[in-house]
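> A predicted structure for the sequence below; I have some questions about it.
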Amino acid sequence: MEVIKIPMLLLLFVVVVVFFLANADGGAIGVNYGRIANNLPSATKVVQLLKSQGLDRVKVYDSDPAVLHALSGSGIKVTVNLPNELLSSAARRPSFAYSWVFKNVAAYHPATAIEAIAVGNEVFVDSHNTTGFLIPAMYNIHQALVKYNLHTAVKVSSPIALSALQNSYPSSAGSFRPNLIEPVFKPMLEFLRKTGSSLMVNVYPFFAYESNADVIPLDYALFRQNPGVVDAGNGLRYFSLFDAQIDAVFAAMSALKYDDVPVIVSETGWPSKGDKNEVGASVENAAAYNGNLVRRVLGGGGTPLRPKADLTVYLFALFNENKKVGPTSERNFGLFYPDQKKVYDIPLTAEGLKGSGDKTTPVSGGEQRMATASGETWCVAKEEAGKDKLQEGLDYACGEGGADCHPIQPGSTCFDPNTLEAHASFAFNSYFQKKGRAIGTCFFGGAAYIVTQQPKYGKCEFPFGS
């Protein structure tokens, strides 16, 4: 039996345990600390800022001694970068790789918790044509880690841009560019598999939306409630452009038979300001994207194609950087101004999410609600989320969430069918309707989703309205 009456003290204990498990099983949020600016605070102050915000992962674009010294003893996990301009040296000379690892990793580890080395960054779009050096550089850096007995603690990867895909829409058709498959992706993915590392991917729904705002709904790009988009190739329904882009990468990897290699989102973000032609760049949209992304990642669960694979995501970026070249948006991806004031206020931790309630980052005042032509929507359980997630969500909805779960008690109208999916769906929908169908109230750690046709399990019909 999936639903039982329990004493209040036991219920409180269950809620506490569920909350702990939800956080233990959730994804992780980090931040990119770029420094192309002349007005940023000292590295010491930056580390204090990271700690004050509860951020325990940071990715940098070099291996600056001042930054690595400042991070020493902080407990913050660090990803350092071997810049593109050093790839040829690292590829051609193992001695260079050994020296670089010694000076920039071994000299600081473990006091500075370096957990990964990003070898290059978006190498395939580098104008200096460094692609041919990437794989040998990765191998030499790894061998240097082996020499210093750091290969277990420190992983090696290389962030790729989504432009490395030949196809990214629909997600099921995701494929790598043919000219990169044999010389780069097959050996890279084999290396990642053998070393227990992850593929790093830079994903920016903003750029896709900016270029296709006439066909991509803004709500779909910002993780707001929307009817979703069905991928005709695999039958999966996507409720965010972010998930669709990640699954295009997973599909490309699957086509090469590397389903077992994890993915880390090494960059993603949304600009708070842009030029007139940069559609969608605004403080409101940046707050919505990053705030909803944090909620989605820390809530646990993966993408429709890999629902059980929790994500580690690095937001871009910590600061607005005034010396970056290009359009206005390039200088306005930061969560903070150089004076350490927030560009917008969003939660960055599971604890922060507790305090922010169960709704999406405000965008234009008032609660956003999911609407269809008839105005009717329901919330149901996602079977592929797994029994543990469904049970945790069910316990929360019927306990602290205050859903009306009497109809799914033994002998009541909706007890049959006596399945976890049916009971969870009823409880999720009760909570969703009680909350006025506000966005963020049909999530349950990734175990629920919105439908626009009234669900029915057996003879039990789900109500609409609070």
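Noted; the coordinates are in hand.
> For the residue most central in space within the chain, which residues count as its bridge partners?
The residue lying closest to the centre of the chain (C-alpha atoms, centre = their mean) is residue 313, at 4.1 Å. Residue 313 has these beta-bridge partners by DSSP bridges: residue 29, residue 265.
> so it sits right up against residue 31, yeah?
No: Residue 313 is not in contact with residue 31 according to C-beta atoms under 8 Å; the separation is 9.7 Å. Backbone N, C-alpha and C define where each C-beta goes, glycine included.
> hmm, back to that, spit out the contact partners of the residue nearest to the centre of the chain.
27, 28, 29, 30, 264, 265, 268, 293, 297 (C-beta atoms under 8 Å, 6 or more residues apart in numbering).
> Weed out the non-buried ones from those.
27, 29, 30, 264, 265, 268, 293, 297 (16 or more other C-beta atoms under 10 Å).
> which pair in those residues spans the largest distance?
264 and 293 (14.3 Å; C-beta to C-beta).
> Distance of the residue lying farthest from the centre of the chain relative to residue 418?
Relative to the C-alpha centroid of the chain, counting by C-alpha atoms, centre = their mean, residue 411 is the outermost residue, at 42.1 Å. The gap separating residue 411 from residue 418 is 11 Å, by C-beta to C-beta, to the nearest Å.
> and if you look at residue 47?
53 Å.
> Then residue 27?
32 Å.
> now swap in residue 283 and tell me
In terms of C-beta to C-beta, residue 283 sits 49 Å off from residue 418.
> And for residue 267?
46 Å.
> more crowded one of those two?
residue 267 (22 against 14; other C-beta atoms under 10 Å).
> May I ask you to confirm that the more buried one belongs to a strand?
Yes: assigned with DSSP: H, G, I helix; E, B strand; the rest coil, residue 267 falls within a strand.
> Wait, it touches residue 207, no?
No: counting by C-beta under 8 Å, residue 267 does not reach residue 207; the two are 11.6 Å apart.
> Export the contacts of residue 313 to a markdown table and append columns for pLDDT and distance to residue 212.
A markdown table is the format used below for the contacts of residue 313 (pLDDT from 0 to 100; distance: C-beta to C-beta, whole Å):
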| residue | pLDDT | distance to residue 212 |
| --- | --- | --- |
| 27 | 90 | 27 |
| 28 | 96 | 30 |
| 29 | 97 | 27 |
| 30 | 98 | 28 |
| 264 | 98 | 26 |
| 265 | 98 | 21 |
| 268 | 98 | 17 |
| 293 | 96 | 20 |
| 297 | 92 | 24 |
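> Would you point out the most distant pair within those residues?
Among the contacts of residue 313, 264 and 293 lie farthest apart (C-beta to C-beta), at 14.3 Å.
> Check the burial of residue 461 by counting its neighbours.
Neighbours of residue 461 (other C-beta under 10 Å): 12.
> Low-confidence regions, the protein specifically.
Scanning the chain for pLDDT under 70 picks out 1-25, 354-375, 439-440, 466.
> now the helices for the stretch 1-150 of the chain?
Using DSSP state H, counting those that start in this stretch, the helices of the stretch 1-150 of the chain run over 8-25, 43-52, 65-71, 87-92, 94-101, 131-147.
> so what secondary structure elements neighbour the third one?
So that's helix 65-71. helix 43-52, strand 77-82 (3 or more C-beta pairs under 8 Å, 6 or more residues apart in numbering; DSSP states H and E).
> So which of the buried ones among the contacts of residue 313 is the closest to residue 320?
residue 268 (16.6 Å).
> The closest residue to the closest one other than its chain neighbours - how many residues pack around it?
In space, and not counting its chain neighbours, residue 268 is closest to residue 203: 4.8 Å by C-beta to C-beta, 6 or more residues apart in numbering. Neighbourhood size, residue 203 [other C-beta under 10 Å]: 25.
> residues contacting residue 203?
162, 242, 245, 246, 265, 267, 268.
> redo that, cut-off 10 Å
160-162, 241-243, 245-246, 248-249, 263, 265-269, 313, 316 (C-beta atoms under 10 Å, 6 or more residues apart in numbering).
> Look at the residue farthest from the centre of the chain and tell me its secondary structure.
Secondary structure, three-state DSSP: residue 411 is coil.
> pretty sure residue 200 is in a strand, no?
Yes: with three-state DSSP as the criterion, residue 200 is located in a strand.
> contacting residues around it?
For residue 200, the contacting residues are 59, 79, 116, 118-119, 121-122, 155, 157-160, 192, 263-267, 312, 314, by C-beta under 10 Å, 6+ apart.
> hmm, 7 Å instead?
The neighbourhood of residue 200, defined by C-beta atoms under 7 Å, 6 or more residues apart in numbering, consists of 118, 157, 158, 159, 160, 264, 266.
> What residues sit buried inside stretch 334-342?
Applying 16+ other C-beta under 10 Å to stretch 334-342 flags 334, 335, 336 as buried.
> I meant stretch 207-223, not that one.
207, 208, 209, 210, 216, 218, 219, 220, 221, 222, 223.
> chain center to it: distance?
Per C-alpha atoms, centre = their mean, to the nearest Å, the displacement of stretch 207-223 from the mean C-alpha position of its chain is 18 Å.
> try stretch 77-93
25 Å.
> ok, and what's touching it?
56-63, 71, 96-97, 100, 104-105, 112-121, 123, 126, 128, 130, 133-134, 136-137, 140-141.
> Go ahead and measure how far stretch 376-388 is from the middle of the chain.
20 Å.
> quick one, strands of the stretch 251-400 of the chain?
For the stretch 251-400 of the chain, the strands defined by DSSP state E, counting those that start in this stretch cover 263-268, 312-315, 378-381.
> Distance to residue 172 added to those, as JSON lines?
JSON lines is the format used below for the strands of the stretch 251-400 of the chain (distance: least, C-beta to C-beta, whole Å):
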{"stretch": "strand 263-268", "distance to residue 172": "16"}
{"stretch": "strand 312-315", "distance to residue 172": "22"}
{"stretch": "strand 378-381", "distance to residue 172": "23"}
